[in-house]
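A.B. asks: sharing a model prediction with you, sequence too.
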Amino acid sequence: MKSNQQKITALYCRLSQEDELEGESNSIKNQKSMLEKYAADNGFGNCRFYIDDGYSGVSFERPDFKRMIADMEKGEIGTVITKDLSRLGRDYLKTGTYIEIIFPQNDVRYIAVNDGVDSEKGCNEFIGIRNYFNDFFAADTSKKIRAVQRAKAERGERIGSKLPYGYMKSEDNRLVPDPDTAPVVKRIFDMYVNGVGTRTIAMTLERDKIMSPSAYAYYKYGRKENGLKLNNPYLWSDVTLRGMLVNEVYIGTTANYKTTTKSNKLKKQIHNDRKDWLIFENTHEAIIDKSTFEMVQKWFAGRRKPNKSGKTDVFAGLVYCADCKSRMYLRRVLKYPKENNYLCKTYQRYGNNHCTAHRISEQDLHAVILQKLREVTAYVRENPEEFYEIASRNARAEAEREMKTYLREKEAAEQRIAELESIIRCLYEDRVLGRISVERYESLSSGYETEQSELKTKLNEMNAFLDENEKREQLIQDFIENAKKYIDIQELTLEILRAFISRIEVHEKAKWHSTECGNDIVIYFTVERKEQLNVWHKEIKTA
């Protein structure tokens with residue numbers, strides 16, 4: 001066994017982002033200088049630095065700290081020296097455990113220079129108090145940082161530290177499309193809406209030597225991320241692609257507070273319900289248009305798994321039960337593809353007690369939608385002005401009823417937000433001048449700030465509605481242009497369906513006496529016109 005003098009003297013340095021706020025004295029450079037001088041002045045040899053730069057003292061999951069403990073458990077370390085107790089850690093229970101139990105069990109001497117702690121000279125009765133105050137400082141700092149982050153989140157500022165793939169930071173710290181990766185994002189969405197699955201997309205990107213997001217971040221910014229594989233920087237995963245395809249950041253939306261933690265000591269991320277998110281639209285330039293993004297979400301909600309021949313269900317996410325409004329899913333009959341049927345999800349899950357089958361064959365649905373699309377697009381091409389007038393009139397009639405209400409509510413919300421801003425400002429002046437107590441100020445201001453935050457969220461929703469109404473004319477123009485583009489539709493594709501149809505509702509089959517008739521189908525076009533038609537076909541026998 002080596003003597004304590006022959007073993008390694010571990011000089012441990014740690015600095016977190018919060019510690020940097022305290023000034024230059026806590027820098028890694030100064031810690032190293034101090035510990036090196038202390039070791040030389042006091043006869044400690046065989047020194048080795050263990051450094052964790054940018055790691056909180058609340059957690060002990062730090063790379064070099066763990067390396068130091070591993071070396072200690074191998075019997076290689078005789079002494080551990082830190083600048084003070086807070087460098088070792090800010091969780092007073094765990095820090096105390098290391099000082100009073102783990103280090104002594106491994107015959108390790110511990111020294112905290114500035115706090116006058118040296119385990120060889122006996123227990124310092126103030127260690128527990130110092131550790132407690134270090135813990136309190138960490139909790140207080142965390143509380144202040146959370147308050148700042150909350151304020152930023154409520155203003156619609158992005159609070160995530162990780163740059164989304166496809167974007168870079170501008171000089172004024174805003175997200176702007178990255179000229180190198182934004183085209184890749186567009187390509188991924190285009191491939192997906194054209195029926196290419198995520199696995200095939202991943203293989204295509206790898207074949208074309210396009211770096212994965214983690215590899216790109218490493219080579220451009222020097223940032224290591226989870227999942228980084230330097231031996232193959234072009235390896236894309238299905239999980240990465242699916243995460244991108246549902247990320248609203250690509251349509252210019254900032255969504256804050258998707259996750260949270262219970263406290264500064266529990267780092268596990270808890271996923272919040274969407275209703276608790278803070279969502280702000282149009283905060284930065286979009287890479288993907290909203291119609292494409294929304295269609296992708298519909299297909300994600302449906303079953304998009306290809307069959308054995310590699311064919312994907314083109315209606316996935318578009319077909320709904322007209323009665324219970326749940327999705328209808330394709331049930332494939334492997335031996336007899338002509339008997340593939342769409343069935344109501346509620347019926348499949350709960351049976352006849354909650355809804356009926358609403359069964360319609362894939363073949364018949366395809367034929368009906370194809371025929372109707374041919375009729376509608378032919379009409380639009382031959383009568384573009386008449387169609388524009390009808391579609392505009394229907395859109396206006398539908399919107400005007402809600403528009404007046406929204407405008408009134410918007411004006412009232414804006415007025416109340418301005419009033420609350422004035423009230424909060426006056427409260428703050430009263431607090432500064434001592435007219436009201438700190439407790440009274442915090443109680444009143446908290447209530448007003450909560451009301452103001454809720455009003456701002458509501459105002460964002462109203463502005464989004466008004467923006468959508470302004471875009472309806474563009475939807476009609478796009479519909480006309482698409483009708484001119486797709487002159488002879490021979491086969492339904494994802495691209496064609498996305499261009500013309502937003503939703504299909506299927507009614508249960510009607511019965512006349514003992515004869516079963518076809519389904520009524522309602523088609524919702526992208527211009528928000530509703531076309532209803534009767535589909536008559538013979539009874540379908542399922543396997």
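C.D. replies: Received the coordinates, thanks. Quick caveat: nothing in here was measured; it's all calculated off a predicted structure. Numbers count the residues shown, from 1 in each chain.

A.B. asks: look at residue 291 and give its secondary structure.
C.D. replies: Taking DSSP: H, G, I helix; E, B strand; the rest coil as the rule, one finds residue 291 in the helix state.

A.B. asks: that one: what's it in contact with?
C.D. replies: 498, 526 (Cβ atoms under 8 Å, 6 or more residues apart in numbering). Quick note: C-beta positions are derived from backbone N, CA and C, even for glycine.

A.B. asks: who does residue 176 bridge with?
C.D. replies: Per DSSP bridges, the residues bridged to residue 176 are residue 168.

A.B. asks: pretty sure it is touching residue 163, no?
C.D. replies: No. Taking contacts as Cβ atoms under 8 Å, residue 176 lies outside contact range of residue 163: 10.8 Å.

A.B. asks: of these two, which one has the most company?
C.D. replies: Remark: of residue 176 and residue 163, residue 163 carries more neighbours, 20 against 14, as counted by other Cβ atoms under 10 Å.

A.B. asks: would you confirm that the more buried one contacts residue 173?
C.D. replies: No. Judged on Cβ under 8 Å, residue 163 makes no contact with residue 173 at a distance of 11.4 Å.

A.B. asks: give me the common contacts of residue 176 and residue 163.
C.D. replies: Joint contacts of residue 176 and residue 163 (Cβ under 8 Å, 6+ apart) are residue 169.

A.B. asks: and residue 288, helix, strand or coil?
C.D. replies: coil.

A.B. asks: for residue 293, which residues are in contact?
C.D. replies: Applying Cβ under 8 Å, 6+ apart, the residues near residue 293 are 189, 248, 250, 251.

A.B. asks: hmm, 6 Å instead?
C.D. replies: For residue 293, the contacting residues are residue 251, by Cβ atoms under 6 Å, 6 or more residues apart in numbering.

A.B. asks: relative to residue 190, how far out is it?
C.D. replies: 12 Å (Cβ to Cβ, to the nearest Å).

A.B. asks: now do residue 451
C.D. replies: Taking Cβ to Cβ, one finds residue 451 at 44 Å from residue 190.

A.B. asks: same thing with residue 254?
C.D. replies: Distance of residue 254 to residue 190, given as Cβ to Cβ: 24 Å.

A.B. asks: kindly report the same for residue 245.
C.D. replies: Look at residue 245 and residue 190: by Cβ to Cβ, they are 11 Å apart.

A.B. asks: of the two, which one has the most company?
C.D. replies: Taking neighbours as other Cβ under 10 Å, residue 245 and residue 190 compare with residue 245 leading, 21 against 13.

A.B. asks: the closest residue in space to the more buried one that isn't next to it in sequence: neighbour count?
C.D. replies: Spatial nearest neighbour of residue 245, excluding adjacent residues (Cβ to Cβ, 6 or more residues apart in numbering): residue 296 at 5.5 Å. Neighbours of residue 296 under the rule other Cβ under 10 Å: 21.

A.B. asks: and residue 320, what element?
C.D. replies: Residue 320 belongs to strand 319-321 when elements are defined using DSSP states H and E.

A.B. asks: and residue 13, by the same measure?
C.D. replies: Residue 13 belongs to strand 8-15, assigned by DSSP H and E.

A.B. asks: CA-only coordinates of that strand in CSV, if you can.
C.D. replies: What follows is strand 8-15, C-alpha atoms only, in CSV (Å, rounded to 0.1, in the frame of the first residue of the first chain):
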residue,chain,number,x,y,z
ILE,A,8,-2.0,11.6,-5.7
THR,A,9,-2.9,15.0,-4.3
ALA,A,10,-6.1,15.8,-6.0
LEU,A,11,-6.5,19.6,-6.7
TYR,A,12,-10.2,19.9,-7.5
CYS,A,13,-11.6,23.0,-9.2
ARG,A,14,-15.2,23.7,-10.1
LEU,A,15,-17.0,26.6,-11.7
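
A.B. asks: quick one: average pLDDT of it?
C.D. replies: Mean per-residue pLDDT for strand 8-15: 93.

A.B. asks: ditto for stretch 81-99
C.D. replies: 86.

A.B. asks: okay, buried residues for it please.
C.D. replies: 81-92, 94-96, 98-99 (16 or more other Cβ atoms under 10 Å).

A.B. asks: what do you get for stretch 424-432?
C.D. replies: For stretch 424-432, by 16+ other Cβ under 10 Å, it's 424, 427, 431.

A.B. asks: flag whichever of these scores worst on pLDDT.
C.D. replies: Confidence-wise, residue 431 trails the rest of the buried residues of stretch 424-432, at 77.

A.B. asks: that one - that's part of a helix, no?
C.D. replies: Yes. Assessed by three-state DSSP, residue 431 belongs to a helix.

A.B. asks: can you pull the contacts of it?
C.D. replies: Residue 431 neighbours (Cβ under 6 Å, 6+ apart): residue 441.

A.B. asks: quick check: it vs residue 437, distance?
C.D. replies: 8 Å.

A.B. asks: ok now the strand holding residue 13, how far from the chain's centre?
C.D. replies: 38 Å (Cα atoms, centre = their mean, to the nearest Å).

A.B. asks: pLDDT below threshold where in the stretch 251-400 of the chain?
C.D. replies: Applying pLDDT under 70 to the stretch 251-400 of the chain flags the ranges 257-272, 274, 276, 299-312, 334, 392-400.

A.B. asks: ranges for the helices of it?
C.D. replies: 290-301, 345-350, 362-382, 384-432 (DSSP state H, counting those that start in this stretch).

A.B. asks: what does the second one contact?
C.D. replies: It refers to helix 345-350. Contacts of helix 345-350 (Cβ under 6 Å, 6+ apart): 324, 326, 327, 329, 354, 355, 356, 357.

A.B. asks: buried ones among these?
C.D. replies: Of these, these count as buried by 16+ other Cβ under 10 Å: 324, 326, 327, 329, 355, 356, 357.

A.B. asks: which of the buried residues of stretch 424-432 sits closest to residue 169?
C.D. replies: Comparing the buried residues of stretch 424-432 against residue 169 with Cβ to Cβ places residue 424 closest, at 31.1 Å.

A.B. asks: can you pull the contacts of the closest one?
C.D. replies: 445, 448.

A.B. asks: so the helix or strand containing residue 192 versus helix 290-301, what angle?
C.D. replies: Taking DSSP H and E as the definition, residue 192 sits inside helix 182-193. Angle of helix 182-193 versus helix 290-301, following axes from the mean of the first three to the mean of the last three Cα atoms, to 10 degrees, is 50 degrees.

A.B. asks: list the buried residues for whichever helix or strand comes after helix 182-193?
C.D. replies: Using DSSP H and E, the helix or strand that follows helix 182-193 in sequence is helix 198-207. Across helix 198-207, burial judged by 16+ other Cβ under 10 Å covers 198, 201, 202, 205, 206.

A.B. asks: let me know the closest of these to residue 180.
C.D. replies: residue 205 (13.8 Å).

A.B. asks: and the gap between the closest one and residue 211?
C.D. replies: From residue 205 to residue 211 the distance is 9 Å (Cβ to Cβ).

A.B. asks: and residue 411, by the same measure?
C.D. replies: 50 Å.

A.B. asks: between the two, who's got more neighbours?
C.D. replies: residue 211 (21 against 11).

A.B. asks: contacting residues around the more buried one?
C.D. replies: Counted by Cβ under 6 Å, 6+ apart, residue 211 has contacts residue 233.
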